[in-house]
Every structure is written in C-alpha cells, then in structure tokens.
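**Student:** Predicted model and sequence follow; I will ask about them next.
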Amino acid sequence: MGETGSGKFSLVTEIYHRTSPGGRSLVFDAANISRHSYDDAEEALEATLVPTLYILRNIDELSTDGVERLDTFLIALAESDRPAYVAATLSDANLDSDLPFRDLLTHFQQAVTVPPLRHRIEDLPDLVLRVLTTVAGRRDVSIGPAAMRVITGYTWPRNFRQLEEALKSALLKRPVGEIQPEDLPGYCHNTAHRHLSGMEAMERDVIVKALHAAEGNRVQAAAALGIARSSLYRKLKSFGITTI
C-alpha cells in the first residue's frame, strides 16, 4: 500500500528477486485480468521449482465484476500445483473504504505500507543513486552535492515516478559528469528553506489536508487542527506552504 508512485512495485520485485534468484515475475493490471490470464501465464512459464511472482496492480480500482474475475484468478492460482507468490498494490487512501476490493483481502497474508519519499528524507540520497544508476545506464554520471541538497529539500508529491522524471530531465542537460542544481527541473527548487524530518513531513501533510478540507480557509483549518491561528501561520511559514 502507499501513495501513487511511492515505489510499491519496485519494492515487491526487489524483495522477490533477492529471495528467489532465477524466478520470474508477471505483472497484471487487476482491471484486465481474467481466468484466461491465468491460463496464458501458465503456458508462458517453463516448469520450475522457483515460485513465480504474480503482481496485481491497482486492485482498489476494481468494480464488483472485476473483483469477481480476480477472485476466480486467485482461486485458480491457489489450486495450482505450481508454486507461486501473489502481491497486489493499492492506494493506502482507500484501505478504510467500502470499495469492492476489500473482499479480496482474505487472499493475502500480510500488508506492507510503503511511505512516500517526503517521509524518507534520510534514505533519499541512496534512493537517488539507485534511480540514477537505472536511468543513466552505463554513462559516467553522478549527483553533485549541491544538486543532492536540492533533491533532498523537495517534497516529491508524485514520489518515485517524479524523481525518475527529474533525473531523466537532468540527464538531457548533462549526459555525463556531475549533475548540478541548474540541470534539475525548475519545480525541484520550489521547496521549504530547511529539510523536514519524517515527523515534520507528516505534520505538514496533516496541515495541507486540513487546508484542503477548509478550502484554504486558515481560521477553519486551525480550528479543525485544534491549534491557534497564530500557530498555524507559523507552521505554514516554517513548512514553506504558501498556497492551497
């Protein structure tokens, strides 16, 4: 579970290939799956003792009919003699909803929440280098210290997807060598004046949600948050929140 682009798919595949070397992973959009999808997948795979990983994306977007089709697919997997792992991705915002996908959760043994990038500031430099290695291929390119400060200071609302896009954009300007701040897209420079800790980032998210719920009304947002209006203004300035 996690926000769009937070790296749910990447995390699942990385763990799988570390624990099951030589295994194969198959990715399905949950909305397009059917019993025939299972048959086609079985025919495409060679006999192996290594469990296959089936990744079902966006199960929270399924209609009632889609849930029934996917349920049939999962039952077929469970009844197969072929060893398999099954993982599904969804937005954590829908977890407490009454959407049809909840009927499928009994097929899964555990849930993992992948935090957004803005809550992983301490990990961000390592994550940036991993993404850069992927998008740059064999090119001799690195992230300069100043560019890394810009990257770690940005909130990345679209998470890994946006980070990957930003690095690809930087590579167009600097295909080799050390990436500098001016190589990064302009939005990366739109950030608060200081880095936020994980707790501060979560507090910032709560404030932004309250402001959205109050349609930008600071008085109503402060009341909903249970803080004084002056305290809210200080936090807005501290977190670099200017418009909602």
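**Tutor:** Structure received.
**Student:** Tell me, how many residues neighbour residue 3?
**Tutor:** Counted by other C-beta atoms under 10 Å, the residues lying close to residue 3 total 22. For every residue, glycine as well, the C-beta is placed using N, CA and C.
**Student:** try the one 3 residues further on
**Tutor:** The number of residues packed around residue 6, counting by other C-beta under 10 Å, is 26.
**Student:** In terms of helices and strands, where is it?
**Tutor:** Assigned by DSSP states H and E, residue 6 belongs to neither a helix nor a strand.
**Student:** In contact with it, which residues?
**Tutor:** Counting by C-beta atoms under 8 Å, 6 or more residues apart in numbering, residue 6 makes contact with 114, 115, 116, 117, 159, 160.
**Student:** Most neighbours among those, please name it.
**Tutor:** Neighbour tally across the contacts of residue 6 (other C-beta under 10 Å): the maximum, 27 neighbours, falls on residue 117.
**Student:** following the worst-scoring helix or strand of the chain on mean pLDDT, which helix or strand comes up?
**Tutor:** Across the helices and strands of the chain, mean pLDDT, DSSP states H and E gives its lowest value to helix 35-44, namely a mean of 58. Next helix or strand after helix 35-44 toward the C-terminus (DSSP H and E): strand 52-57.
**Student:** List the pairing partners of that next one within its sheet, with orientation.
**Tutor:** Paired with strand 52-57 in the same sheet, following DSSP bridges, are strand 25-29 (parallel), strand 84-88 (parallel).
**Student:** I'd like the ones you listed laid out as JSON lines, including mean neighbour count and distance to residue 220.
**Tutor:** Formatted as JSON lines, the strands paired with strand 52-57 follow (neighbours: other C-beta atoms under 10 Å; distance: least, C-beta to C-beta, whole Å):
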{"stretch": "strand 25-29", "mean neighbour count": "15", "distance to residue 220": "40"}
{"stretch": "strand 84-88", "mean neighbour count": "19", "distance to residue 220": "37"}
